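Engineer: structure for the following, please:
(2 chains, ligands or ions: 2)
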Amino acid sequence: MNAAIFNFATLSGLLTMIGILVTALAFYSQAWKLTQTSGLSIFAQGEVGQGESAAVTSQKAHWRSLDILSQASVSFGVLTSSFWLVIGSLAGFTSSIKLHHPEVFGNTAELTFGRLRSFHLNAVGYGWLSIAGVSLVVWLMPRLVRERLPFASFNFAGIGLWNLCLTAGLTGILLGHSSGIEWLEMPRLANFGIALAGGMVATPVLLSVLTAKVDHLYVTAWYFLAALLWFPILFIIGNAPSIHNGIEHALANWWFAHNALGLWFTPISIGIGYYIIPKIIGRPIYSYNLSFLGFWTLALFYSNVGVHHLIGGPVPQWVVTVSVVMSMMMLIPVIAVAINHHMTAFRFLSKLRTSIPLRFIVIGSMMYTVSSVQGSLHSLRGLSRISHFTHYTVGHAHLGAYGFVSFVLFGAIYFALPKVMERDWPYPKWISLHFWCAIIGILVYVISLSIGGIIQGMAMLDISQPFMNSVTHTQAYMIGRSVGGGLMTLGHLVFFAHIVGLMLGALSNIRHRGELQK
Amino acid sequence: MTRLSIMLGALLILLSSSVVLVVAPYFAYVWPEAQGRNHELSEVQQRGREVYISMGCVYCHSQQPRNPGYGPDTARGWGYQPSAQDYAGQYPHQLGTSRTGPDLYNIGDRNPSIQWNLIHLYDPRLVVPWSIMPSFRFLFTEKDQPGPEDVVLDLKNIGVHPPRHVVATQDALALMAYLKSLQQKELPAHE
Ligand code: HEM
Ligand code: HEM
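Structural biologist: Numbers count the residues shown, from 1 in each chain, chains lettered A, B, ... in the order given. Ligands and ions are numbered 1, 2, ... in the order given. Down below sits the predicted model:
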């Protein structure tokens, strides 16, 4: 058996080395003909130097004609995803309260902590992050390929099916039909439906890329393309009926779960950042060549890190070693993206004061750097011994999924929705209110759990302390989390109300125009 | 050219990662025999495991004691580190990644009392005042006249006097049977 183990570790390392070599070769042979001017492909003639703002009045006719193509899918997707955001946050908030006041909110099977928590994760993960993500892809793709997406009705139908399956799956969890597999709790049928919906959304995007006539396909599209290819495959492998059991199942489970984070949520948000940051600023990305490196190393390393969720567990040593090494290697794509995003933004920091969408996205991107470096560090045994199994991990999870992914999505929706709906945000003050709730909320949330988690971990490691200490000494931090999470939830209510307000306005616009035509 | 290479590259990378990390362990770890414990569950224990899953106990309780190099899990009575084979046959796995509550890999050995565990399940704070574990009162019914088959909670013993008798449902009893099955007896030779 040792021989077999040795071979798999070698094989994994070998495949990665080949990947790195191919990447490097392609890079040096300039097979992709990347130059700094490729980064200019998102600007039309004469647009460099003048940033684009969210305001409808500033919108150029050639972008406008592309933006309104996806009106139906994008408005549907944004509305439903922000609905799931609100519902999911309320479930998260309720779970949070139950961790310091377990008897609050009654004693029924449906609302027990274990079910509400899975409901929360699936609602925010596959409802909010995913549907908002695909909606923004559907908005942005026509801009990137400069034409209408083929079979665009698939997008709308896909988002519809997605919502349907999600509703069924979440209800299943509350009624006790959880599959018991973390990140895949929804009943299998619902999950297969979501994989199919993902495939339906992906089809027009993939086809548009293959047939597009643009000279250069901008880096954002690479990320979108890869993410949309990966998601359905991942979801199908993740849900495949039980060929695995025991430890093999645990390995497959975390391979899936981390890929959902790293190859689905992450690339979409990075891609959005690569487009909107330079767009609002009016200058191309800092180093276009670096984006090539960042993209391929992300794919190579992120796909192999899953087992770092099982460090110290009863799993074969070689998979842990592979995952830890890959987790450290992740610093390469993280730094590549960090240089590109931050160096582009830092030259124009004053814009952060005037543009809240930019502020959301730039801060989101900074949180990507922070959460990833944090991730690489707690993959190491020294920190993992303390932080594994504690609330510290939950802090990291929210720094990534909220501070990074959700912030980017918020910013992108504030930027894109007015353009798609041809209607400005009715209450600009609400955007700023949402921003401050979100930023203060997430800081309180993450700081509470990071400190609380370390205290919890140290108490568990110290045999002279009873287990009780790890619970009682962290209660204050659990309350802190509820305060932070409560603020975030409040911000989401404002956000949702604002979206509804904008859409009602847009509806009356459309009706008004209809009457004029009569 | 660029577009196809992105698609093919992306697919190839995911494919090789799934072959090495998902498919390969299947071949490497399917054949050795389990050695640490009997993982065959009886019908009642299996039903208890399903209750465990449906209530989401895994979000607070792990089932994977680590070796002493990682922490004093064994010293806390959570058991010694099992080998991969000890989990053979379990589907879905319930390793867990959170220890808001203690590890349960060895709970059947550490705390075998059915009465204590039932009362604890009914309302953890009756026996552990500082606990933040949810109460699972909905897994119990109340009766004036419990039958001979009924398992009644011995609450008077701890100074609680409910107006009616509290009786465990089949689900609660199955869960107890499952918890009881979670025990690790002797150390295997190689440890
Ligand atoms: C280089 C980048 C990253 C590395 C190396 C990394 C590493 C890790 C590790 C080791 C854990 C497990 C902690 C434990 O259980 O002890 C973890 C958990 C987690 N990470 Fe990251 N992380 C990275 C970036 C991110 C990003 C960008 C996100 C957000 C999209 C994210 C979201 C999460 C979530 C949600 C969990 C919790 C999973 C669960 O237990 O359900 N991570 N990360
Ligand atoms: C878009 C917003 C949010 C996202 C994407 C998100 C994501 C997540 C994720 C990925 C986890 C799993 C963490 C892990 O397994 O380590 C989680 C757990 C949790 N979240 Fe959120 N969350 C969001 C908002 C909130 C809010 C507003 C609250 C309110 C307090 C909240 C409270 C919780 C709680 C209590 C848990 C369970 C932690 C535990 O099991 O100990 N979340 N969330």
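Engineer: how about the residues of chain B by ligand 1?
Structural biologist: By the rule C-beta under 6 Å from any ligand atom, the part of chain B lying against ligand 1 is residue B:97. Heads up, the C-betas are built off the backbone N, CA and C, glycines and all.
Engineer: isn't residue A:60 right up against residue A:45?
Structural biologist: No - using C-beta atoms under 8 Å, residue A:60 is not in contact with residue A:45, being 10.5 Å away.
Engineer: neighbour-wise, which of the two wins?
Structural biologist: Between residue A:60 and residue A:45, counting by other C-beta atoms under 10 Å in any protein chain shown, residue A:60 is the more crowded of the two (11 against 6).
Engineer: which phi and psi does that one have?
Structural biologist: phi -80, psi 150 (degrees, to the nearest 10).
Engineer: excluding chain neighbours, what is closest to it?
Structural biologist: residue A:44 (6.8 Å; C-beta to C-beta, 6 or more residues apart in numbering or on different chains).
Engineer: residue B:75 now?
Structural biologist: residue A:463 (5.0 Å).
Engineer: next, whichever residue of the stretch 151-300 of chain A sits closest to ligand 2: secondary structure please.
Structural biologist: Ligand 2 sits closest to residue A:182 of the stretch 151-300 of chain A, with a gap of 7.0 Å, by C-beta to the nearest ligand atom. Three-state call for residue A:182 (DSSP: H, G, I helix; E, B strand; the rest coil): coil.
Engineer: residue 152 - how many residues pack around it?
Structural biologist: As the question left the chain open, I've gone with chain A. Residues contacting residue A:152 under the criterion other C-beta under 10 Å number 17.
Engineer: chain B was what I was after
Structural biologist: 15.
Engineer: same question for the one 10 residues further on.
Structural biologist: Per other C-beta under 10 Å, the neighbour tally for residue B:162 reads 11.
Engineer: you'd agree it is up against residue B:143?
Structural biologist: No - Residue B:162 lies out of contact with residue B:143 (C-beta under 8 Å); the separation is 11.0 Å.
Engineer: mutual contacts of these two, please.
Structural biologist: Jointly contacting residue B:162 and residue B:143 under the rule C-beta atoms under 8 Å, 6 or more residues apart in numbering or on different chains is no residue at all.
Engineer: against residue A:125, how distant is residue A:258?
Structural biologist: Remark: distance between residue A:258 and residue A:125 (C-beta to C-beta, to the nearest Å) = 13 Å.
Engineer: quick check: closest non-adjacent residue to residue B:66.
Structural biologist: Here the residue nearest residue B:66, using C-beta to C-beta, 6+ apart, is residue A:312, at 4.4 Å.
Engineer: correction: the previous question concerned residue B:132.
Structural biologist: residue A:102 (5.2 Å).
Engineer: that neighbour is in what secondary structure piece?
Structural biologist: Assessed by DSSP states H and E, residue A:102 sits outside every helix and strand.
Engineer: shaky segments in the chain?
Structural biologist: Because you didn't say which chain, this covers chain A. A:1-10, A:27-34, A:36, A:242, A:518 (pLDDT under 70).
Engineer: um, chain B though
Structural biologist: B:1, B:25-39, B:185-191.
Engineer: for ligand 2, what are the nearby residues on it?
Structural biologist: B:59, B:98, B:100.
Engineer: can you pull the phi/psi pair for the residue nearest to the last one when sequence neighbours are not counted?
Structural biologist: Ranked by C-beta to C-beta, 6+ apart and with sequence neighbours excluded, the top spatial neighbour of residue B:100 is residue B:60, at 4.0 Å. Summarising the backbone geometry of residue B:60 under the convention degrees, to the nearest 10, its torsions are phi -120, psi -20.
Engineer: OK, now which residue of chain B is nearest to ligand 1?
Structural biologist: residue B:97 (4.6 Å).
Engineer: isn't that residue up against residue A:309?
Structural biologist: Yes - if you go by C-beta under 8 Å, residue B:97 and residue A:309 touch, sitting 5.8 Å apart.
Engineer: can you give me the helices in chain B?
Structural biologist: B:2-18, B:24-29, B:43-55, B:107-110, B:114-122, B:124-127, B:170-181 (DSSP state H).
Engineer: mind listing what residue 98 touches?
Structural biologist: In the absence of a named chain, chain A is used. Residue A:98 is in contact with A:104-105, A:113, A:116, B:132, B:134, counting by C-beta under 8 Å, 6+ apart.
Engineer: wrong one, I was asking about chain B
Structural biologist: Residue B:98 touches A:389-390, A:393, B:58-62, counting by C-beta under 8 Å, 6+ apart.
Engineer: count of residues packed around residue A:346?
Structural biologist: Neighbour number of residue A:346 under other C-beta under 10 Å is 11.
Engineer: list the helices and strands the host helix or strand of residue A:324 packs on?
Structural biologist: Take DSSP H and E as the rule and residue A:324 turns out to sit in helix A:317-329. Contact here means 3 or more C-beta pairs under 8 Å, 6 or more residues apart in numbering or on different chains; DSSP states H and E; on that basis helix A:317-329 packs against helix A:2-28, helix A:288-302, helix A:356-377.
Engineer: and the residue in chain B that ligand 2 sits nearest to, how far from residue A:429?
Structural biologist: Per C-beta to the nearest ligand atom, the residue of chain B with the smallest distance to ligand 2 is residue B:59, at 4.8 Å. According to C-beta to C-beta, residue B:59 and residue A:429 sit 38 Å apart.
Engineer: is any residue of the helix holding residue A:324 near ligand 1?
Structural biologist: Yes - residues of helix A:317-329 contacting ligand 1 under C-beta under 6 Å from any ligand atom: residue A:327.
Engineer: any idea of the angle that helix forms with helix A:356-377?
Structural biologist: Helix A:317-329 runs at 140 degrees relative to helix A:356-377, counting by axes from the mean of the first three to the mean of the last three C-alpha atoms, to 10 degrees.
Engineer: list the buried residues for the next helix-or-strand element following helix A:317-329?
Structural biologist: The C-terminal neighbour of helix A:317-329 among helices and strands, as given by DSSP H and E, is helix A:331-346. For helix A:331-346, burial by neighbour count (16 or more other C-beta atoms under 10 Å in any protein chain shown) applies to A:331-342, A:344-345.
Engineer: so which elements touch whatever helix or strand comes next after helix A:331-346?
Structural biologist: Going down the chain from helix A:331-346, the next helix or strand is helix A:350-354, by DSSP H and E. Helices and strands touching helix A:350-354, by 3+ C-beta pairs under 8 Å, 6+ apart, are helix A:356-377.
Engineer: quick one: residues contacting the nearest residue to residue A:104 once chain neighbours are set aside.
Structural biologist: Distances taken as C-beta to C-beta, 6+ apart place residue A:97 nearest to residue A:104, at 5.3 Å, with adjacent residues excluded. Residues near residue A:97 by C-beta under 8 Å, 6+ apart: A:104-105, A:482.
Engineer: just the buried ones from those residues, in PyMOL syntax?
Structural biologist: Per 16+ other C-beta under 10 Å, the buried members of the contacts of residue A:97 correspond to this PyMOL selection:
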select buried, chain A and resi 482
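Engineer: how about a markdown table for the contacts of residue A:97, with secondary structure and distance to residue A:202 added?
Structural biologist: Shown next, in a markdown table, are these (DSSP: H, G, I helix; E, B strand; the rest coil; distance: C-beta to C-beta, whole Å):
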| residue | secondary structure | distance to residue A:202 |
| --- | --- | --- |
| A:104 | coil | 42 |
| A:105 | coil | 39 |
| A:482 | helix | 38 |
